[in-house]
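Student: one predicted model, sequence on top.
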Amino acid sequence: MSPDASQVAFNFTKDGIINVATMPVMGGELKQLTYDRELAGWPCWSPDGQFLALEIERGDDTHIAIISSQGGEPVQLTFARGQSWPYSWSPDGDKIVFAGARDGVWNLWWVSRSDRSVRQLTHNTKLNVYFRYPAWSPLANQIVSEYSESRGNIYLMELR
């Protein structure tokens, strides 16, 4: 939902490829914003409604990109190998917080729209831990996120 609640941004699939579109909340025409050949999806609005952060796929990796909410060419902001999944923006509209996996280990990161600097926020080293859905607080003093640790058990069953 856009900050002014007038539009929604969403994924849609055409010819087997996920791209991003917007549509007025009160009805109207779908407006396709991205025309990616691999994947461009999971949009999240900037606080001023001028931009959308996206996840784009390049080979086996996903990256953070931004695009004008009116459309245009996405600008890639992250380039590290691994997975980068955007979820929300800082209240000042400069940083995008995302869950990122590097070498199979998930942590929280942010990337700056203005200078493209990237900062790791958590320092997890466990392969069985992941973070998802990080969201910035309105006062910009906290980030909340899903944190999960997978645990396995081995069961022995005798066959008769």
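Tutor: Happy to help now that I have it.
Student: please name the bridge partners of the closest residue to residue 75 other than its chain neighbours.
Tutor: Excluding the flanking residues, the one nearest residue 75 by Cβ to Cβ, 6 or more residues apart in numbering is residue 66, at 5.4 Å. Glycine gets a C-beta too; all of them are placed from N, C-alpha and C. The bridge-partner assignment for residue 66, based on DSSP bridges, gives residue 53, residue 75.
Student: bridged to residue 120, which residues?
Tutor: With DSSP bridges as the rule, residue 120 is bridged to residue 109.
Student: quick check, it in contact with residue 107.
Tutor: Yes: counting by Cβ atoms under 8 Å, residue 120 does reach residue 107; the two are 5.7 Å apart.
Student: what about the two, which has more around it?
Tutor: residue 107 (18 against 12; other Cβ atoms under 10 Å).
Student: in which helix or strand would I find the more buried one?
Tutor: Under the criterion of DSSP states H and E, residue 107 resides in strand 105-112.
Student: got the buried residues for that strand?
Tutor: Neighbour-count burial for strand 105-112 flags 105, 106, 107, 108, 109, 110, 111 (criterion: 16 or more other Cβ atoms under 10 Å).
Student: for it, packing partners?
Tutor: Under the contact criterion of 3 or more Cβ pairs under 8 Å, 6 or more residues apart in numbering; DSSP states H and E, strand 105-112 touches strand 95-102, strand 118-120, strand 129-136.
Student: what about the following helix or strand past the last one, distance to the chain center?
Tutor: Stepping forward along the backbone from strand 129-136, the first helix or strand reached (DSSP H and E) is strand 143-149. Taking the mean C-alpha point of strand 143-149 and that of its whole chain, the gap between them comes to 15 Å (Cα atoms, centre = their mean, to the nearest Å).
Student: now strand 143-149 - C-alpha only, CSV.
Tutor: The C-alpha trace of strand 143-149 is given here as CSV (Å, rounded to 0.1, in the frame of the first residue of the first chain):
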residue,chain,number,x,y,z
ILE,A,143,14.3,-2.4,13.8
VAL,A,144,12.0,-5.4,14.4
SER,A,145,12.5,-8.7,12.5
GLU,A,146,11.5,-12.3,12.5
TYR,A,147,14.3,-14.4,13.9
SER,A,148,14.1,-18.2,13.7
GLU,A,149,16.5,-21.0,14.6
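Student: this completes my enquiry, with thanks.
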